[in-house]
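Asker: Any chance you could fold what I've pasted below:
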Amino acid sequence: MAGTQAHPATATAPAPTSHRPRRAGGRGGDSGAAALAAAVLGAVLVLLPMILIQAAVYFHARNVAASASRHALEATRVAEGTPAAGQAAGLEYLAQAGGPLTDTDVDTSRGATTANATVQGEVTSLVPGLQLTVSVTVTGPVERFEP
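Answerer: Residues are numbered from 1 along each chain as shown. As a prediction, the model looks like this:
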C-alpha cells in the first residue's frame with residue numbers, strides 16, 4: 001500500500017451551510033417574532049374571558065327582559081287590566097331588578113282575546129365595540145269572566 005488515500009465512502013463531508021441568506025449585522029430573519037407572538041397571545045388571553053363573561057351578561061339580560069315582559073303581560077291580560085297598567089308593571093320590574101339592561105322600552109297591547117307585551121333594551125357591553133340588544137315578546141289570552 002503505497003499511498004494511503006481514504007476510501008471515498010468514508011471521507012467526511014463538510015458541514016451543510018444554511019440556505020437562508022443572512023442579514024447585515026449577523027441577525028437571522030426571525031428578529032421580533034417572539035415579541036409579536038407574545039403580544040398576539042396576550043391580546044387573545046385578555047379578550048377570551050371578556051367574551052365569555054359578555055355571553056353570560058347577555059343571557060342574564062335576556063332573562064331579566066323575559067321576566068319583565070311576563071310581569072307586563074300579567075298586568076295587561078287580567079280582567080280589569082290595561083296596556084298602561086302592563087307597561088307600568090314592566091317598567092317597575094326593570095327598575096327593581098336592575099341588571100345589565102339599559103335604554104329599555106316596554107310596549108303592551110290588548111285585544112279582545114289576546115294581550116302582548118314586549119320588552120327591549122341594550123345589554124351592557126364589556127367588549128369594546130360590541131353592541132347587543134335584547135327583545136322579548138310574550139303573548140297570552142285575555143281573562144274573561146263568563147257567568
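
Asker: now the strands: where do they sit in this structure?
Answerer: Using DSSP state E, the strands of the chain run over residues 101-110, 114-123, 132-141.

Asker: Mean neighbour count, the ones you listed: which tops it?
Answerer: strand 114-123 (a mean of 22; mean count of other C-beta atoms under 10 Å). No exception for glycine: its C-beta is placed from N, CA and C like everyone else's.

Asker: what's in contact with that one?
Answerer: 57-58, 61, 65-66, 68-70, 72-73, 76-77, 81, 86, 90, 94, 100-110, 131-142 (C-beta atoms under 8 Å, 6 or more residues apart in numbering).

Asker: Neighbouring strands - and their directions - for that strand?
Answerer: For strand 114-123, the pairing partners within the sheet under DSSP bridges are strand 101-110 (antiparallel), strand 132-141 (antiparallel).

Asker: Including mean pLDDT and distance to Ile53, could these go into TSV?
Answerer: Rendered in TSV, the data for the strands paired with strand 114-123 read as follows (pLDDT from 0 to 100; distance: least, C-beta to C-beta, whole Å):
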stretch	mean pLDDT	distance to Ile53
strand 101-110	95	16
strand 132-141	96	13
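
Asker: For Ala35, which of those strands is the nearest?
Answerer: Distance to Ala35, taken as C-beta to C-beta, is lowest for strand 132-141 among the strands paired with strand 114-123, at 34.1 Å.

Asker: so how far is that closest one from its chain's centroid?
Answerer: Centroid separation for strand 132-141 versus its chain: 20 Å, with C-alpha atoms, centre = their mean, to the nearest Å.
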